[in-house]
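**Student:** sequence plus the predicted model coming up.
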Amino acid sequence: MARGEVATGAPTAAAAGYWRRRGLHTEPERVVLAPGGSVLLLALLAAVGPGAVVLPRPCADWYEPQARLLGRPVHHVPVPAECGGVPDPFALLETVCRARAAGADPRVLVLSVADDPTGTCAPPELLHEVCEAAASLGLLIISDESGRDTTFDPHETVIVSPAQMLEVPGGLPEAGTAVVLVDLREALLPDGPPAAAARFPHTRRGAELARAVERVLLDLGVGLAEEARGPVAVALEEPEALRTEHRARVRARAAYGARLHRALVEAGAVCRPPRLGGALYADLSPFGPELRRRGATGSASLEAELTVALGGPWVRGGHRLGEPPQTLRARFDTQLLAPARPGPDRAAAREPEPAVGRAAWEPEASRRLRRLLTSLTGTRRD
């Protein structure tokens, strides 16, 4: 593909089929592809035009930078107690109304029904309240659904897209239109080329927005590389071999997430149990006195302390995720518990821990985590 050419053809048809299998009628002309989720989000925000962006707090660390690059003001709204990824609906109404009273113009709400920082998903009834609030405020919803296929138990965790709520007959007004964004590297192409897809509703506004996003990508001179088109199309068609590998990866993530959650909660941290993805979000304020003695007085210094203590970049401080800088909250990557197995057998490295011989493969980061929790709590952890 020539530089700046927007991808059309097989990948868009495969993306349309991907969404149809998930209950969203989609035609290829309502799909736009780009080399990565952050690029596509940037193009979406640029296409919408001037106006503030509303984000949940916490949120994925690649949301806010795209708004800041465009000079868009950002308003963070706290998430509800039961999940992350979406703003509390009442706090959303209050935040937007106050912003508009102060002269701001929020136009876009970016949310995630399968949330990366917290490893949780929004219950359908709560998501409906958020969609109602956004529609009443005239906000365009950009729904990041990159992690929707990483649920540990699909029968227990139901993922519903805002687009499904907005596009049913008699649904919410078009003012609450939702664009669905999927970064393929989260689930379908973890080791493949950077690629992302956006699905636009089959309305006049959806068509106009899709064309505007294509124009932005062309102006930026970015598009899906020619050599990426084949792998992207195959991944979106979800052949059995890909699904088998994906299920193994999800099982491994579930095992690592459960172990990490158990270790943190038993030590005294506060965090929701992960239901999907490869991360969880922990409040370490119960360890405040000991952390302050170590020099960790906010999320930036907390991240630095944990990076040293765990021997790697397994933690992202809450300041990167929309939190106030003085908080002691952080995103933990559950892969810190994954066995380090060099060589080509990457699929084996994603499998859950074996029932016996854990010490034989336990990575150094895991041992460091146990030592860290012991030092923070003053108790022995086996």
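**Tutor:** Here it is on my side, so go on.
**Student:** which residue ranges form the helices in the chain?
**Tutor:** 10-20, 37-48, 64-69, 89-101, 124-137, 162-166, 204-220, 226-237, 240-267, 288-293, 299-310, 346-349, 358-361, 364-377 (DSSP state H).
**Student:** in the last one, what's buried?
**Tutor:** With burial defined by 16 or more other Cβ atoms under 10 Å, the residues of helix 364-377 counted as buried are 365-366, 368-369, 372-373, 376-377. All C-beta atoms are positioned from the backbone trio N, CA, C, and that covers glycine.
**Student:** and that helix, C-alpha only, in CSV?
**Tutor:** As requested, the backbone C-alpha atoms of helix 364-377 are provided in CSV (Å, rounded to 0.1, in the frame of the first residue of the first chain):
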residue,chain,number,x,y,z
GLU,A,364,12.5,-13.6,39.4
ALA,A,365,9.8,-10.9,39.3
SER,A,366,7.4,-13.2,41.1
ARG,A,367,10.0,-13.8,43.9
ARG,A,368,10.7,-10.1,44.1
LEU,A,369,7.0,-9.4,44.5
ARG,A,370,6.7,-11.8,47.5
ARG,A,371,9.8,-10.1,49.0
LEU,A,372,8.3,-6.7,48.4
LEU,A,373,5.0,-7.6,50.1
THR,A,374,6.8,-9.0,53.0
SER,A,375,8.8,-5.8,53.4
LEU,A,376,5.7,-3.7,53.1
THR,A,377,3.6,-5.6,55.7
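**Student:** now it: mean pLDDT?
**Tutor:** Mean pLDDT, helix 364-377: 84.
**Student:** any idea of the angle that helix forms with helix 299-310?
**Tutor:** On the basis of axes from the mean of the first three to the mean of the last three Cα atoms, to 10 degrees, helix 364-377 is oriented at 120 degrees to helix 299-310.
**Student:** please state the offset of helix 364-377 from the chain centre?
**Tutor:** Using Cα atoms, centre = their mean, to the nearest Å, we find the averaged C-alpha position of helix 364-377 to lie 27 Å away from the chain's own average C-alpha position.
**Student:** which strands and helices sit next to that helix?
**Tutor:** In terms of contacts (3 or more Cβ pairs under 8 Å, 6 or more residues apart in numbering; DSSP states H and E), helix 364-377 is packed against helix 240-267, helix 288-293, helix 299-310.
**Student:** mean pLDDT added to the ones you listed, as a markdown table?
**Tutor:** Conversion of these to a markdown table gives the following (pLDDT from 0 to 100):
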| stretch | mean pLDDT |
| --- | --- |
| helix 240-267 | 94 |
| helix 288-293 | 92 |
| helix 299-310 | 94 |
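**Student:** which stretch among those helices comes nearest Leu139?
**Tutor:** Distances from Leu139 to each of the helices and strands packed on helix 364-377 were compared using Cβ to Cβ; the minimum, 27.8 Å, belongs to helix 299-310.
**Student:** what's that closest one in contact with?
**Tutor:** In this structure, residues lying in contact with helix 299-310 by Cβ atoms under 8 Å, 6 or more residues apart in numbering are 284, 291, 294-296, 313-320, 323, 325-330, 336, 365, 368-369, 371-372.
**Student:** now with 6 Å?
**Tutor:** Contacts with helix 299-310, where a contact means Cβ atoms under 6 Å, 6 or more residues apart in numbering, come from 294-296, 313, 315, 317-319, 325, 327-328, 330, 365, 368, 372.
**Student:** ok, stretch 130-146 next?
**Tutor:** 44, 86, 89, 92-93, 96, 108-110, 112-113, 161-162, 165, 172-173, 175-183, 186.
**Student:** please repeat the previous calculation with a cut-off of 7 Å.
**Tutor:** Judged by Cβ atoms under 7 Å, 6 or more residues apart in numbering, the contacts made with stretch 130-146 from elsewhere in the structure are 37, 41, 44, 48, 54, 60, 86-87, 89, 92-93, 96, 106-114, 161-163, 165-166, 172-173, 175-183, 186.
**Student:** Asn79 - nearest residue in space that isn't next to it in sequence?
**Tutor:** You called it Asn, but residue 79 is Val. If you skip the residues right next to it in sequence, Val79 has Pro56 as its closest partner in space, 5.0 Å away by Cβ to Cβ, 6 or more residues apart in numbering.
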